[in-house]
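J.: Have a look at this prediction, sequence included:
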Amino acid sequence: MTTATAPLWPAPLATGPLDAVVAVPGSKSLSNRYLVLAALADSPSLLRSVLASRDTHLMASALETLGVTVDRGTDWRVEPGAQRGLRGSVTIDCGLAGTVMRFLPAVAALADGPVHFTGDVEALARPMGPVIRALQALGVRVDEEGETGRLPFTVHGRGFVRGGQVDIDASASSQFVSGLLLAAARFERGLVVRHTGPTLPSLPHIEMTVAVLRAAGVQVDDSRPAIWEVAPGRIAGRDVRVEPDLSNAAPFLCAAMVTGGTVSVPGWPAQTTQPGGLLPGFLERMGARTSLDGDVLSVTGTGAIHGVDLDLHAAGEIAPTLAALAVLADSPTRLRGVAHLRGHETDRLAALAAEITRLGGQAEQTSDGLVITPRPLTGGAWRTYADHRMATAGALIGLRVPGLEVEDVATTAKTIPDFVGLWTAMLGS
Ligand SMILES: O=C(O)C1=C[C@@H](OP(=O)(O)O)[C@@H](O)[C@H](O)C1
Ligand SMILES: C=C(OP(=O)(O)O)C(=O)O
């Protein structure tokens, strides 16, 4: 939570070109999908290199509340609740995790009683309406308690969902679609989801959902644009290794460009549905050299950072990092296609514009993004609005701007367990 008294972390200045290897923890998006599917499966699962951060602990705790066993050791072992059914008459704390608040309502509909959903104060602003409306259209009772289309609400599980077909406007978040698809194989008739809105952000994340479902033995037809059909059937427990979080790799790789050095991330997948897989291409357009040697992705700064015109609708979660890089570029940048960032952990377009401007920079919001014009910056507080990616963006700018202090850097725990440790180790190596 952001308060006036939140501590300030003096972001370290870079003292020279980096030459560092950074082992980035597991993907939030993959970890939380594997957890949901493991909970709905008909046999146990073992999740290796799973991310242990606030968002994945919230997911694991929520599933435990529903009667699933999640043994959180080095690897996480999940004993599904499927055979004996999911438990109702419980409350789920979503924190600020989009994956928990959007993935679990459809799961809760399978529970044997009411499941109350709540979260952080910042979470109460995030859009939930399409999820609630879709479940209601499928015959699930959902009682809203505060503002319409927002947390908190109660899903009245009846132990089964008939399923069928549902239309949904997912222009505010791809997670609305993913959340329905993840549970759909457990609906009596499966589910056809049709997206009806004007834009569809984060398509790679929906493709990720389809891929993890298929890998668990679920039949998914995604051959028609913006329509996904999940057949009813069993979900298999799995033994899987989670890829590193490529979006969380972004600030570290960008640090190579800011310092004119090299940063390498091992474990980079040859193929991935993570939107962070688009990152090397974006960084090359901004002036970096990149190479994939085996599974080690290296980014080398050439000394130059160029402004760029980028449509980020497929990869909105890396927009804050690229905005921070753009602040340090040699020409203006336009980021487009990311209107949905207004419903992320905070209104990220407003937050980035405010904080860049506070340092003396120039950043204007457009209807669907930002225009950033590089200017000399001065240090000062960088506010983070409970947003982990605002914090890591501040750290990146702080490599070059003396006196920049990141408010509430602990908010990075949402998806990285020890961001400050990894960042300072990178700078020290
Ligand atoms: O499904 C997922 O794991 C995610 C989907 C995206 O959400 P939006 O489509 O709301 O941007 C992304 O930004 C978020 O960080 C994770
Ligand atoms: C948008 C993000 O998170 P969430 O999963 O909470 O939507 C993010 O991590 O950038």
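T.: The structure has been received and is ready for your questions. Numbering: from 1, shown residues only. Ligands and ions are numbered 1, 2, ... in the order given.
J.: got a list of what the residue of the stretch 1-150 of the chain found nearest ligand 1 touches?
T.: Of all residues in the stretch 1-150 of the chain, Ser29 sits closest to ligand 1, at 3.1 Å by CB to the nearest ligand atom. C-beta coordinates here come from the backbone N, C-alpha and C atoms, glycine included. Taking CB atoms under 8 Å, 6 or more residues apart in numbering as the criterion, Ser29 is in contact with Thr99, His205, Met208, Asp245, Gln274.
J.: filter the residues you listed down to the ones near ligand 1?
T.: Among these, proximity to ligand 1 is found for Thr99, His205 (CB under 6 Å from any ligand atom).
J.: for the contacts of Ser29, which one is nearest Thr321?
T.: Checking the contacts of Ser29 against Thr321 with CB to CB, the nearest one is Asp245 at 12.3 Å.
J.: wait, the closest one sits on Asn32?
T.: No: at 11.3 Å, Asp245 does not count as touching Asn32 under the criterion of CB atoms under 8 Å.
J.: In terms of neighbours, single out the busier of these two.
T.: Remark: of Asp245 and Asn32, Asn32 carries more neighbours, 27 against 24, as counted by other CB atoms under 10 Å.
J.: So which of the contacts of Ser29 belong to helices?
T.: Per DSSP state H, helices hold the following members of the contacts of Ser29: Thr99, His205, Met208.
J.: Now those in TSV, please, with extra columns for pLDDT.
T.: Listed next are the ones in helices among the contacts of Ser29 as TSV, based on pLDDT from 0 to 100:
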residue	pLDDT
Thr99	98
His205	98
Met208	98
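J.: So which of those is the closest to ligand 2?
T.: For the ones in helices among the contacts of Ser29, the closest approach to ligand 2 (CB to the nearest ligand atom) belongs to Thr99, at 4.6 Å.
J.: Touching, that closest one and Asn32? I think so.
T.: Yes: using CB under 8 Å, Thr99 is in contact with Asn32, at 4.2 Å.
J.: shared neighbours of the two, anything?
T.: Residues touching both Thr99 and Asn32 (CB under 8 Å, 6+ apart) are Asp55, Met59.
J.: tell me the contacts of the residue in the chain that ligand 2 sits nearest to?
T.: Using CB to the nearest ligand atom, the single residue of the chain nearest to ligand 2 is Gly98, 2.4 Å away. Neighbour list for Gly98: Arg126, Ser173, Gln175, His344 [criterion: CB under 8 Å, 6+ apart].
J.: And it, how close does it get to Thr415?
T.: 11 Å (CB to CB, to the nearest Å).
J.: ditto for Asp19
T.: On the measure of CB to CB, Asp19 and Thr415 end up 26 Å apart.
J.: With neighbour numbers in mind, choose between those two.
T.: Between Asp19 and Thr415, Thr415 has the larger neighbour count (other CB under 10 Å), namely 26 against 14.
J.: from what I can see the more buried one touches Asp387, true?
T.: No: look at Thr415 against Asp387 with CB under 8 Å: they stay out of range, at 10.7 Å.
J.: Distance across stretch 53-72, terminal residue to terminal residue?
T.: Using CA to CA, to the nearest Å, the end-to-end distance of stretch 53-72 comes out at 12 Å.
J.: That should have said stretch 181-188, apologies.
T.: The straight-line separation of the ends of stretch 181-188 (CA to CA) is 13 Å.
J.: What's the mean pLDDT across it?
T.: The pLDDT scores in stretch 181-188 average 98.
J.: what stretches of the stretch 251-400 of the chain score poorly on pLDDT?
T.: By pLDDT under 70, the stretch 251-400 of the chain has no low-scoring segment.
J.: Could you pull out the helices in it for me?
T.: In the stretch 251-400 of the chain, the helices defined using DSSP state H, counting those that start in this stretch lie at 279-285, 319-327, 348-358, 388-398.
J.: JSON lines for the ones you listed, including distance to Asp309 and mean neighbour count?
T.: Below are those laid out as JSON lines (distance: least, CB to CB, whole Å; neighbours: other CB atoms under 10 Å):
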{"stretch": "helix 279-285", "distance to Asp309": "9", "mean neighbour count": "18"}
{"stretch": "helix 319-327", "distance to Asp309": "11", "mean neighbour count": "28"}
{"stretch": "helix 348-358", "distance to Asp309": "16", "mean neighbour count": "21"}
{"stretch": "helix 388-398", "distance to Asp309": "19", "mean neighbour count": "27"}
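J.: Leu310 and Arg33, how far apart?
T.: As judged by CB to CB, Leu310 and Arg33 stand 26 Å apart.
J.: Please apply the same query to Leu422.
T.: 24 Å.
J.: neighbour count winner among the two?
T.: Ranked by neighbour count (other CB under 10 Å), Leu422 and Arg33 place Arg33 first, with 25 against 20.
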